[in-house]
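Q: what's the 3D shape of this:
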Amino acid sequence: MKLPAALSAIGLAFALAGPAGSSSGVTGAPELLDVKVHEGTSMSVSVSPDGKWLATDLQGALWLVPASGGEAKLIGDLYDDARQPAWSPDGKTLAYFSFRDGGYDLWAISPDGGKPWKLTWGAFDDREPVFSPDGSKIAFASDRGTPGRDASYDIWTLELATGRLEQVSHSPYEDRRPAFSADGGSVVYTSVREEVSALYSANLASKQETLLRKFGGVVDAPAYSPEGRLSYVVGHNGRSWLEIDGTPVTGEENVFPFRVGWAKGGVYYYVSDGKIRKRAGNRLETVEFSATLKAQKPVYAKHKRDFDSTGPRKALGIVRPAISPDGKSVAFVALGDLWLQPLGGTPHRLTSDRYMEVDPAFSPDGGQLVYSSDKGGRLQQLWIRDLKTGKDRQLTNIDTQPLEAVWSPDGRKIAFIDVDGMWGVAGLCVVQVETGAISRIQPSLGQPGRPTWSGDSRRIALSLSSPYSKSFREGTNQIFVIKADGSGESAWYAPIPDLSIDTRGGAGPVWSPDGTRMAAVYEGELRVWPVSPAGEPLGPPRSVTSEIAHSPSWAGDSRTLLFQSDDTLKTIDIETGAIAEVPPNLSYVLDVPKGRTVIHAGRAFDGKHDRLLHDVDIVIDGNRISWFGAHDPARHGDARVIQAPGLTAMPGLIEFHAHPMRDFGEAMHRAWLAWGVTTVRNPGDQPYHGVEDREASEAGVRIGPRMYATGHLLEWQRVYYKMGTALSGPAHLEKELARSKALQYDLLKSYVRLPDLQQRRLVEFAHQEMGVPVTTHEIYPAALSGVDHTEHMGATSRRGYSPKQASLGRVYQDVHDLFGKTERGLTPTNFGALAGFLQDHPQLRADPRVGLYPQWAQDGVRDNPGIPPRFRDAMLGTAKGIKAVADAGGTITAGTDTPIAINLHAEIASYVEAGFTPFQALRSATATPAEVLGLDAGVLEAGKLADIVLIEGDPLQDIGNTTNVRKVIANGRMFDVEDLVHPLP
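A: Below you'll find the predicted structure:
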């Protein structure tokens, strides 16, 4: 279901209180601000039929501006996410598409304001409305149809008097951005076919389609004038311009890809360079406007992590629990190791080493476990543990990374996903237990879920995303079934049409051992339904729990299910409904080194001053700096002394946006240290994975940086990433928030399709109940709701274009000041920075630290082709935008959106190219993110955590010198880079 519009009554100003545990800062009402803007990023404009008013969608709200210019009047709600308004021919109605209730529907409103009304609804997205010349119909683009790999946008019409919908185009391609011809008899639209962008026209009576024109670049936003002239926007070779009837009419302007607003007499309006433009023939005018956007600086008691006390801490990161066939024990991963726990008993370690174990699964007889581990020296591979003898044997030895293995009921085979790309892109494989022979039965799939076997061992099911179109990547998680030998046709099943299995990262489906049922998590709850031997649903899923569930697994009786709920494990008998808690009862203590260490460095960058200090000592007691100043041998005493007269000490780097991936193994964490990264902020993960990373690091089990963790990317009804969850509605969100608090996340991530009103609820809970920040891809009304931080200058947007960044990567005054006036944080993740950095530092392609990653990731560095010419103008626009946000007062924190650590060095180097000084760029990865995190690090001074990097060279003279890491001190522990790259077994 979509979000009821009535929920807009949720209050804006929150009474704030700190969470349990340490907190810092002050409480009180947020500081509300007026942000005056006179430019708009990615906004459209439409002119009223009488030519007196202009409607625009500045930052997702509807505004009216006098055609002569002046103050903009808000006529809708700031939480509508209203886009591309279009006037009715009589001037009495504005139609637009809005995400207000959790999906894009067509809405209408009177230009005088008042209550808007819906024109379309349902599970599908409807976009880009335009009225017919007689006002009787609206044409629009919609993904309504059958979701799946062949799904696409088509052009539809809505008859306003009857509500009748009619499909106009029927191609398998993405038909978008419709406009009526001047006589109303046909609709023109854009479509990309065989990689060629073109305009097509469809006759409304015959539905006959005609190709109008092909383009070398990308064509957008066709619109007919009352006289029949056709305008459209073309983007090509780093330019964006407006054409009318094949003739370019703009010069060097950056024309936004939205419909021209045609008035009478050949006058028309459009937006370029953030300004509203008016043209008539060769005469160009700028229609100056101003609008006031409300924003706030959030004020709340902020939770502060404890890096000093050494009392027992409850382990919350219990990963992939699996119940034994006899129902008497549970296997799981926690604190970096594999554990086995009798139900009602105490867990004991099956492994105790620095390696990363993941995804245990029992053999059908319960005597063995299959799991993935990188202890063989080649990242993740499959291993089998004999539970009676305690002996392990390696089952696979391949170049890619097998994960999420599951034993077949006949005990002869194991299915696994074979990760061979970023974000868990993987094929599906089957390995013979006795011989180790591997069959790849499916090529690379888009981040598939864990396999599960039919009762007769003949079929394998897993969850995959079923998209609604190729224009937008999101879909619903449904069930994909294939024969285990790879023969025959595969099948898709949607047990509840248009409702998504919550996540592909731990929500099922799981097939019962007898093959008669499946279980999965929907709307946060564990549901079970009957299936045929082929996996076809034979009845609707029914809820067997009312509490949040994750990672279900069946016992051998096919009636007992184990599942995770918040911070514990439970079993349920699906026939009686009896639930029993299985608490892991696992704890750990913070690993704090003992004794004193003194670093004698030839030079030091302290993170506070734009100069180097010379001949310094840094005294470390335990995990904190106790003294920093001029070299004095008298301070050395009995301390361990690290002599580094030829090296420069600097604060450890903080990676503010990276998603750790299990296929990278523990070597990924060592690689971060080897590149000088001592803290990583993870803004999206599978819910228990990120917590386990955090705890394994704190316990000293995993050699690597300090981790700040969260759980799911919080989506709404549709989802793309495996680490995302498709929230079905407000009740589901509340369950997810409760789990966030139970697992003590360090931040919450509002993702692409979370509605703005629900994002506001997220902020309320995070600030009031947890004392942690919220981050998002969004800029507005996120700045009004009190969202703390924004990820990416560009990246994915549910609109298909970014409200933060217009065409050609350019940013305008509304964006600058929404960040600057509120001092909000921005992590730009300057995509493409690595290519330019490697061109300037080609020796890094062969750096041995690159060898710590999977082969496909190494290839991305060693064989990086450089920056394609078509992206260079956009990258320049992005660079200028980052600098403009910083100059306006925004808070820039360096992050990369990749677990490959060299990218952070490329990121900060790209800031220097954008106009930052090396000092400013270095602070974006040291002092500034530390301040944002509330972390006692980021600078070299007494009292701070001992996160220090020793490099060759002066980073203030050449920012590239940050890559020359020779030693790193993380939380007081010292590592040589050579030992990190080539560790002892």
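Q: what sits against residue 214?
A: 196, 197, 198 (Cβ atoms under 8 Å, 6 or more residues apart in numbering). Bear in mind the C-beta positions are built from the backbone N, C-alpha and C, glycine included.
Q: Name the secondary structure element that contains it.
A: strand 209-215 (DSSP states H and E).
Q: and the helix or strand following that strand, what other elements does it pack with?
A: The C-terminal neighbour of strand 209-215 among helices and strands, as given by DSSP H and E, is strand 218-224. Applying 3 or more Cβ pairs under 8 Å, 6 or more residues apart in numbering; DSSP states H and E, we find strand 218-224 packed against strand 174-180, strand 186-193, strand 196-203, strand 230-236, strand 261-262.
Q: let's go with 7 Å and repeat that
A: Contacts defined by 3 or more Cβ pairs under 7 Å, 6 or more residues apart in numbering; DSSP states H and E place strand 218-224 against strand 174-180, strand 186-193, strand 196-203, strand 230-236.
Q: Residue 895: which of the ones you listed is closest?
A: strand 230-236 (28.0 Å; Cβ to Cβ).
Q: Of the helices and strands packed on strand 218-224, flag the one that's most buried.
A: strand 174-180 (a mean of 25; mean count of other Cβ atoms under 10 Å).
Q: contacts for that strand?
A: Residues outside strand 174-180 that contact it (Cβ atoms under 7 Å, 6 or more residues apart in numbering) are 128, 130, 132-133, 139-141, 152-155, 169, 187-192, 220-224, 259, 469-471.
Q: Now it: average pLDDT?
A: For strand 174-180, the mean per-residue pLDDT is 98.
Q: What pairs with it, parallel or antiparallel?
A: Strand pairing for strand 174-180, using DSSP bridges, gives strand 186-193 (antiparallel).
Q: what's in contact with the strand it pairs with?
A: Under Cβ under 7 Å, 6+ apart, the answer for strand 186-193 is 139, 155, 168-169, 171, 173-181, 197-204, 212, 219-220, 222.
Q: quick one on the thing from earlier: can you tell which of the helices and strands packed on strand 218-224 is closest to residue 449?
A: strand 174-180 (26.8 Å).
Q: Output that closest one in PDB with nothing but the alpha carbons.
A: The C-alpha coordinates for strand 174-180 follow below in PDB (Å, rounded to 0.1, in the frame of the first residue of the first chain):
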ATOM      1  CA  GLU A 174      11.300   2.900 -22.600                       C
ATOM      2  CA  ASP A 175       8.700   5.300 -24.100                       C
ATOM      3  CA  ARG A 176       8.700   8.500 -22.000                       C
ATOM      4  CA  ARG A 177       8.000  12.200 -21.900                       C
ATOM      5  CA  PRO A 178       4.800  12.500 -24.000                       C
ATOM      6  CA  ALA A 179       3.300  15.700 -25.600                       C
ATOM      7  CA  PHE A 180       0.100  16.100 -27.600                       C
END
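Q: and after the lowest-mean-pLDDT helix or strand in the chain, which helix or strand comes next?
A: The weakest-scoring helix or strand in the chain, judged by mean pLDDT, DSSP states H and E, is strand 23-24 (a mean of 58). Scanning forward in sequence from strand 23-24 by DSSP H and E, the next helix or strand is strand 31-37.
Q: Who are the packing partners of that following strand?
A: Counting by 3+ Cβ pairs under 7 Å, 6+ apart, strand 31-37 packs on strand 289-297, helix 813-820.
Q: Show me the contact partners of the next helix or strand after the last one.
A: Scanning the chain past helix 813-820 towards its C-terminal end, the next helix or strand to appear is strand 825-827 (assignment: DSSP H and E). Around strand 825-827, the neighbours that count as contacts under Cβ under 7 Å, 6+ apart are 656-657, 788-791, 819, 885, 890-893, 895, 932.
Q: Please flag which of those sit within helices.
A: 819, 885, 932 (DSSP state H).
Q: Can you give me every residue that contacts the residue nearest to the second one when sequence neighbours are not counted?
A: It refers to residue 885. Using Cβ to Cβ, 6 or more residues apart in numbering and skipping residues adjacent in sequence, the residue nearest residue 885 is residue 819, 4.8 Å away. Residue 819 is in contact with 826, 885, 888, 890, counting by Cβ under 7 Å, 6+ apart.
Q: which two in those residues are spaced the farthest apart?
A: Going by Cβ to Cβ, the pair spanning the contacts of residue 819 furthest: 826 and 888, at 10.5 Å.
Q: so the residue nearest to residue 837 when sequence neighbours are not counted is in which element?
A: Spatial nearest neighbour of residue 837, chain neighbours left out: residue 906 (3.6 Å); criterion: Cβ to Cβ, 6+ apart. In this structure, residue 906 is located in helix 902-914 according to DSSP H and E.
Q: buried sites along that helix?
A: 902-914 (16 or more other Cβ atoms under 10 Å).
Q: Can I get that helix as CSV, trimmed to CA atoms?
A: This file holds the C-alpha atoms of helix 902-914, laid out as CSV (Å, rounded to 0.1, in the frame of the first residue of the first chain):
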residue,chain,number,x,y,z
ILE,A,902,42.7,3.8,-3.0
ASN,A,903,39.5,5.6,-4.0
LEU,A,904,39.6,7.7,-0.9
HIS,A,905,43.0,9.1,-2.0
ALA,A,906,41.5,9.8,-5.4
GLU,A,907,38.5,11.5,-3.8
ILE,A,908,40.5,14.0,-1.8
ALA,A,909,42.9,14.6,-4.7
SER,A,910,39.8,15.5,-6.8
TYR,A,911,38.9,18.1,-4.3
VAL,A,912,42.2,19.8,-4.8
GLU,A,913,41.6,19.8,-8.5
ALA,A,914,38.2,21.4,-7.8
